[in-house]
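Asks: Here's a sequence, model it:
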Amino acid sequence: MANKNKVIRKTIECIEYLSVEAPLRKVDYLEDKYNENSVQHTLKVEKSDREYEYDKGL
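Replies: Numbers count the residues shown, from 1 in each chain. Here you go, the predicted structure:
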């Protein structure tokens, strides 16, 4: 049940973000969260690429 509530909350956050009437602090929060996730994903991919190159002796 807790997981379902988390999904609902995230859905509501996305709807608020897409809404013209979304509070600016909510938009800023979601954009910051998105940027943080993007950076983390990029670092993860780069690390994986370096490990692959090392394993292959490139």
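
Asks: Is the closest residue to Ala22 other than its chain neighbours within a helix or a strand, and which one?
Replies: In space, and not counting its chain neighbours, Ala22 is closest to Glu16: 4.7 Å by C-beta to C-beta, 6 or more residues apart in numbering. C-beta here means a position set from N, CA and C on the backbone, and glycine is covered the same way. Glu16 belongs to helix 2-18 when elements are defined using DSSP states H and E.

Asks: Next secondary structure after that helix?
Replies: Later in the chain than helix 2-18, the nearest helix or strand by DSSP H and E is helix 24-56.

Asks: next one: that following helix to chain centre, how far?
Replies: Offset of helix 24-56 from its chain centre (C-alpha atoms, centre = their mean, to the nearest Å): 8 Å.

Asks: cool, and stretch 5-18?
Replies: Counting by C-alpha atoms, centre = their mean, stretch 5-18 comes out at 13 Å from the chain centroid.

Asks: what residues are up against the residue nearest to Ala22?
Replies: Contacts of Glu16 were listed using C-beta atoms under 8 Å, 6 or more residues apart in numbering, and they are Ala22, Pro23, Lys26.

Asks: If we ignore the residues flanking it in sequence, what's nearest the last one?
Replies: When you say that, I think you mean Lys26. Using C-beta to C-beta, 6+ apart, the closest residue to Lys26 is Glu16 (5.4 Å).

Asks: which residues does Cys14 contact?
Replies: Leu30.

Asks: ok, 7 Å please
Replies: Contact analysis of Cys14 by C-beta atoms under 7 Å, 6 or more residues apart in numbering lists nothing.
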